[in-house]
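Peer 1: sequence plus predicted model, see below.
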Amino acid sequence: SALGSVRKSFLADAVRIDRQVLPDLDTAIDSLTNRLGLTEKCECYVHNYPMIQAGVARSPNGFIILLASAAVEKLGPKELEFVIGHEIGHVVFGHLDTPVHSVLNTDRRIQPKHAMRLLSWSRKKEISADRAGLVCCGSLEAGASALFKTASGLSIPGLKVNPLEFGNQFDALQREMFQRGA
């Protein structure tokens with residue numbers, strides 16, 4: 001099955017996190033799945049990738065979280081909790097049931113207004129997952145810092161991100177897009 005092949009790919013090209021390999025991260029993942037009330041089986045893998053990224057996919061027995069090595073190396077514990085919580089949030093909220101980008105890339109018959117609705121829903125599901133990440137890390141500052149580091153790639157020691165100022169960038173971009181009619 002396609003889901004089984006995703007897992008096989010991770011087993012071949014990544015390191016599975018368990019109690020013997022990266023025990024602190026394994027404990028954190030167990031804690032976060034419990035905090036969000038998830039009962040499905042979760043496997044987590046780290047793959048060698050220089051950008052701070054994470055993703056989640058269904059597996060035959062539950063779901064799989066894939067973390068880039070840069071995320072594990074460059075994010076602090078609370079920031080990593082935010083990122084992992086975000087991915088678990090996609091599972092909790094059922095976001096994996098509708099693969100928006102796959103639908104848009106494979107079905108050319110979708111009318112533009114429906115494509116825009118799908119893209120809008122896709123953005124809203126990211127916001128919902130961010131909320132799950134905030135529940136997991138318990139800190140607006142850690143969540144904003146994780147988002148900043150993910151977007152910018154910067155991980156300067158002692159970096160402090162002001163959540164309100166960082167959020168203002170999105171507000172300014174939104175205003176600019178509406179003024180241009182984009």
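Peer 2: Sure thing, it's come through.
Peer 1: now the closest residue to Glu43 other than its chain neighbours, what's its secondary structure?
Peer 2: Nearest residue to Glu43, sequence neighbours excluded (CB to CB, 6 or more residues apart in numbering): Ile64, at 4.9 Å. For the C-beta atoms, the positions are set from N, CA and C on the backbone; glycine is no exception. Put simply, Ile64 is strand when judged by DSSP: H, G, I helix; E, B strand; the rest coil.
Peer 1: report pLDDT for Ile64.
Peer 2: Per-residue pLDDT puts Ile64 at 93.
Peer 1: pretty sure it contacts Val46?
Peer 2: No: if you go by CB atoms under 8 Å, Ile64 and Val46 don't touch, sitting 11.7 Å apart.
Peer 1: for this structure, which segments count as strands?
Peer 2: Per DSSP state E, the chain carries strands over the ranges 15-16, 41-47, 54-59, 62-68.
Peer 1: sheet-wise, list the partners of the first one with their directions.
Peer 2: In the sheet containing strand 15-16, the strands it pairs with under DSSP bridges are strand 41-47 (antiparallel).
Peer 1: ok, and the closest non-adjacent residue to His95?
Peer 2: Nearest to His95 is Lys125, by CB to CB, 6+ apart, at 4.6 Å.
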